[in-house]
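Chemist: I'll drop the sequence and a predicted model, then ask my questions.
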Amino acid sequence: MIPVIAISLILIFSFLSALHVYWALGGKWGTSAVIPAKDNHTKVIMPGTIPTFIVAFGLLFFGAVVFLNSLDTNAGHIPGIGLIHRYGLGAIAAVFILRAIGDFNYIGFFKKIKTTRFARNDSRYYSPLCLIIGILAILLELNK
């Protein structure tokens with residue numbers, strides 16, 4: 001069961017990372033529904049190329065952390081890797097559970113703005129996915 005969870009998380013992080021790289025390189029598919037908005041025409045933020053690449057790298061890094069933690073090795077004893085091995089899954093779980101809870105305005109389960117295209121997608125897909133990622137990371141952490 002644990003390898004299935006690890007592989008699933010690695011695939012999710014890889015896909016999300018590739019999608020962010022696509023957007024950072026100028027891709028337009030899906031962009032109208034993935035940025036928080038005050039209304040259907042006014043975006044709250046409009047991230048540029050560098051922040052989008054940073055998110056892509058971060059997601060890829062999260063996949064690497066899951067991979068590292070899924071190995072049956074003493075990776076925790078490698079200098080510089082020990083902290084990532086020890087706390088990485090917990091940090092991933094915290095980040096994604098907090099994202100699922102949200103900022104109480106535009107994102108997460110407890111957002112105030114609920115009628116925009118982003119808000120509907122966030123309630124249907126993005127926040128539940130973040131919660132699932134958080135729970136799966138916790139399950140991996142508990143089974144190390």
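Modeler: Good, I have the coordinates.

Chemist: which residues are in contact with the host helix or strand of residue 120?
Modeler: Assessed by DSSP states H and E, residue 120 sits inside helix 117-121. Here helix 117-121 makes contact (C-beta atoms under 8 Å, 6 or more residues apart in numbering) with 32-37, 40, 106, 111, 113-114. Glycine gets a C-beta too; all of them are placed from N, C-alpha and C.

Chemist: and the next helix or strand past that helix?
Modeler: Immediately after helix 117-121, counting by DSSP H and E, sits helix 127-142.

Chemist: how far does that next one sit from its chain's centre?
Modeler: Helix 127-142 has its C-alpha centroid displaced from the chain centroid by 10 Å (C-alpha atoms, centre = their mean, to the nearest Å).

Chemist: which other helices and strands does it contact?
Modeler: Judged by 3 or more C-beta pairs under 8 Å, 6 or more residues apart in numbering; DSSP states H and E, the packing partners of helix 127-142 are helix 2-24, helix 49-70, helix 82-101.
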